[in-house]
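Colleague: Sequence and predicted structure, then a few things I'm wondering about:
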Amino acid sequence: MLCEGGKTERVAPMRCRSTWSVRVLGTGILGMGLGGLGCSSVQTCRASTAHFEQYRTLSFELSPEPPTGSDPTSIETQARVERAVEAGLEHRGYLLIAPEEPADLVVLVRVGRRQTTPPSSIGIVRGARLRASITGLFVVDAFERATENLVWRGSATTDVDLSQLDHDGLKIAVAAVLASFPARVQP
C-alpha cells in the first residue's frame with residue numbers, strides 16, 4: 001500500500017467497507033468540536049488474510065511527542081481518541097498489554113485536520129461569502145506484530161468547528177469506526 005510521502009506499508013490484500021455517513025443528533029462526531037453538518041464519513045478495511053480468531057492481545061504504539069506549535073485542541077483530541085479506541089478494543093474482548101510486551105496486534109492512532117480556503121476569485125457566491133472549512137480526521141491502524149502487516153484500518157472524517165469540543169460525539173465516532181473490528185470470541 002502506498003502512503004503519503006512515498007512510504008510503503010506492508011499490507012495484505014484488504015477488503016474495504018463502503019464509506020457511509022453517521023448522523024449524531026445534529027452535532028457531528030469528531031472530538032475536535034463540531035457544528036453544522038453533524039455528518040461524518042467512516043471507512044474501514046480488513047486484510048483478507050488476517051486471522052483475527054488467533055489474536056488475543058494488543059498494545060498501542062506510543063504516539064510521538066506533538067510537533068512544536070501543536071495547539072492544545074489537537075493534543076487533547078489525540079489523547080481522547082486513543083483512550084476511546086483502547087476502551088473500545090477492550091470491550092471487543094482484546095487484552096491490552098504494555099507496549100514492551102509482545103502483543104499479537106500493535107495499534108497506532110493518528111489524528112489530524114486540514115483547512116481549505118476557497119480561492120479569492122470565488123470568495124462570494126450569490127451574495128454569500130464562502131469561508132474556510134476545516135476537516136478533521138482520525139485513523140486507527142492495527143498491525144500483526146509477527147509479520148508487521150497492516151491487518152485492519154478504520155477512519156472517520158468530518159467538518160469541524162475548533163471553537164467547541166464534542167467529547168461524547170468523539171466516543172460515538174470511535175465506536176462507529178470500531179464496529180467492524182472483529183470481536184474476540186471468548187472461550
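Modeller: Thanks, I have the structure now. Residues are numbered from 1 along each chain as shown.
Colleague: Kindly state the beta-bridge partners for Val139.
Modeller: Arg110, Ser155 (DSSP bridges).
Colleague: who's in contact with it?
Modeller: Residues near Val139 by C-beta atoms under 8 Å, 6 or more residues apart in numbering: Val109, Arg110, Val111, Arg153, Gly154, Ser155. Every C-beta, even on glycine, is put in place using the N, C-alpha and C of the backbone.
Colleague: Output the lowest mean pLDDT helix or strand found in this structure.
Modeller: Here the helix or strand of the chain ranked lowest by mean pLDDT, DSSP states H and E is strand 20-23, holding a mean of 38.
Colleague: For the longest helix seen in the chain, buried residues please.
Modeller: Counting residues, the longest helix found in the chain (DSSP state H) is helix 72-91. Judged by neighbour count (16 or more other C-beta atoms under 10 Å), helix 72-91 contains these buried residues: Thr73, Ser74, Thr77, Gln78, Arg80, Val81, Glu82, Ala84, Val85, Glu86, Gly88, Leu89.
Colleague: Same question for stretch 97-112.
Modeller: Within stretch 97-112, the residues that count as buried by 16+ other C-beta under 10 Å are Ala103, Asp104, Leu105, Val106, Val107, Leu108, Val109, Val111.
Colleague: which ones are touching the closest residue to the second one other than its chain neighbours?
Modeller: Read that as Asp104. Spatial nearest neighbour of Asp104, excluding adjacent residues (C-beta to C-beta, 6 or more residues apart in numbering): Tyr55 at 4.1 Å. By C-beta under 8 Å, 6+ apart, Tyr55 lies in contact with Tyr94, Asp104, Leu105, Glu144, Arg184.
Colleague: ok, the second one to Arg56 distance?
Modeller: With distances defined as C-beta to C-beta, to the nearest Å, the gap from Asp104 to Arg56 amounts to 6 Å.
Colleague: could you pull out the strands for the protein?
Modeller: For the chain, applying DSSP state E gives strands covering 14-16, 20-23, 39-47, 57-60, 95-96, 105-116, 124-125, 128-129, 133-144, 149-159.
Colleague: Check which helices and strands the third one is in contact with.
Modeller: So the one you mean is strand 39-47. Packing partners of strand 39-47 (3 or more C-beta pairs under 8 Å, 6 or more residues apart in numbering; DSSP states H and E): strand 14-16, strand 20-23, strand 149-159, helix 167-178.
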